[in-house]
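>>> Give me a 3D structure for the following:
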Amino acid sequence: MKKIAVVAFGGNALLRGNEIGTIQQQEKNTYETCLNLLDIMEKGYEIVITHGNGPQVGNIMLRNEAGYKEYRIPKMPLDICVADSQGGIGYMIERQLLNILTERNIKKNVVTLVSQVLVDKKDPAFSNPTKPVGAFYLKEEAELLAKTNDFIFKEDPGKRGWRRVVPSPKPKDVMNKDVVKQLAEEGNIVIAAGGGGVPVYRDEKKILHGIEAVIDKDLASALLAREIGAEAFFILTDVPKVYINYKKPDQKALDVLTIEEAKNYFGEGQFAAGSMGPKILAAIDFVENGGKETIITEAGELSKEDCGTKIIKGYI
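This next block holds a predicted model:
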């Protein structure tokens, strides 16, 4: 049985700093991130890649609005926008990976799968939308859009404007997990569950429907890692390690965390909700449910023997 590692690309894998997101910028960043995956492959892992889609799905939604205003092109629902982003981002990752493999004379197939992820229509998140998506608007613009589209807007904590918020339900099942597992075990590099997956639910007749939501990428990645029996789960972000007292004078990098320690720090509010918090929860979820370890780190650190922060069950 081959070892499988799920690698979750953070937002900076495609878009960094103040970049506007041209295709040239995204392709360069994707290539540089994918180069680091060779270090994981050299450790004997077959790789399944997941990724975020925040900026990209926001841009797709803007095109939605612009196309409707200018040409009356019908707007597409959020699940279709997520699926669009899965295809576009998956294509970028797939192509850059193939280029790297060709340069290194490594013979491997790379395949991108559009992944539906099952959620519960009765999830409490649907009565309390919190996930910001799309552009920033003036209050007056937001009020008009809310009235005409039945959207919900909330003011950005950084006072940059008002943004649409949508539900972020808990992922229940990655629908094509068996195919992902089979392809990975056969030695293929698989890209799946992009942007947390396309959110779907089943009605009383078990028929699948899309739903207006965005699933947390890290939680969906942890679920996929569990479902395919991955041994390791790598969460790539923009810092080399997890810190407590982050950006304070007594900031401290953490090399190893047990599940219990991670839960305690989380309970103390050490990990921000819109930043490290979801990653820690995903790390705990994976290890607590059968995974060996989660590693949270920066892509450029993967060549180091003891890179990042490891979350494990307990000390030996």
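>>> What are the boundaries of the helices in the stretch 151-300 of the chain?
For the stretch 151-300 of the chain, applying DSSP state H, counting those that start in this stretch gives helices covering 177-185, 217-227, 259-267, 276-288.
>>> Contacts for the third one next, please.
Put plainly, it is helix 259-267. Under the criterion Cβ atoms under 8 Å, 6 or more residues apart in numbering, residues 244, 257, 271, 277, 280-281, 283-284, 287-288, 311-314 lie in contact with helix 259-267. To be clear about C-beta, it is placed using only N, CA and C from the backbone, and glycine gets the same treatment.
>>> now the helices of the stretch 151-300 of the chain as JSON lines including mean pLDDT, distance to residue 192 and mean neighbour count?
Below are those laid out as JSON lines (pLDDT from 0 to 100; distance: least, Cβ to Cβ, whole Å; neighbours: other Cβ atoms under 10 Å):
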{"stretch": "helix 177-185", "mean pLDDT": "98", "distance to residue 192": "5", "mean neighbour count": "18"}
{"stretch": "helix 217-227", "mean pLDDT": "98", "distance to residue 192": "7", "mean neighbour count": "26"}
{"stretch": "helix 259-267", "mean pLDDT": "98", "distance to residue 192": "26", "mean neighbour count": "15"}
{"stretch": "helix 276-288", "mean pLDDT": "97", "distance to residue 192": "16", "mean neighbour count": "22"}
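>>> remind me, longest helix of the protein?
In the chain, with assignment by DSSP state H, the single longest helix is helix 78-103.
>>> May I have stretch 251-267 as PDB, with CA atoms only?
Presented in PDB, the C-alpha positions along stretch 251-267 are these (Å, rounded to 0.1, in the frame of the first residue of the first chain):
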ATOM      1  CA  GLN A 251       5.800  35.500  19.900                       C
ATOM      2  CA  LYS A 252       6.900  31.900  20.000                       C
ATOM      3  CA  ALA A 253       7.200  29.400  17.200                       C
ATOM      4  CA  LEU A 254       5.800  25.900  17.900                       C
ATOM      5  CA  ASP A 255       7.700  22.800  16.500                       C
ATOM      6  CA  VAL A 256       5.300  20.100  17.800                       C
ATOM      7  CA  LEU A 257       1.800  20.200  19.100                       C
ATOM      8  CA  THR A 258      -0.300  17.400  20.500                       C
ATOM      9  CA  ILE A 259      -4.100  17.500  19.800                       C
ATOM     10  CA  GLU A 260      -4.700  18.400  23.500                       C
ATOM     11  CA  GLU A 261      -2.200  21.300  23.300                       C
ATOM     12  CA  ALA A 262      -3.700  22.600  20.000                       C
ATOM     13  CA  LYS A 263      -7.200  22.500  21.500                       C
ATOM     14  CA  ASN A 264      -6.000  24.400  24.600                       C
ATOM     15  CA  TYR A 265      -4.300  27.100  22.600                       C
ATOM     16  CA  PHE A 266      -7.300  27.400  20.300                       C
ATOM     17  CA  GLY A 267      -9.600  27.800  23.300                       C
END
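>>> Show me the beta-bridge partners of residue 254.
residue 242 (DSSP bridges).
>>> how much space is there between it and residue 224?
25 Å (Cβ to Cβ, to the nearest Å).
>>> circling back to that earlier point, name the nearest of the contacts of helix 259-267 relative to residue 82.
Relative to residue 82, the closest of the contacts of helix 259-267 is residue 281; by Cβ to Cβ it sits at 20.8 Å.
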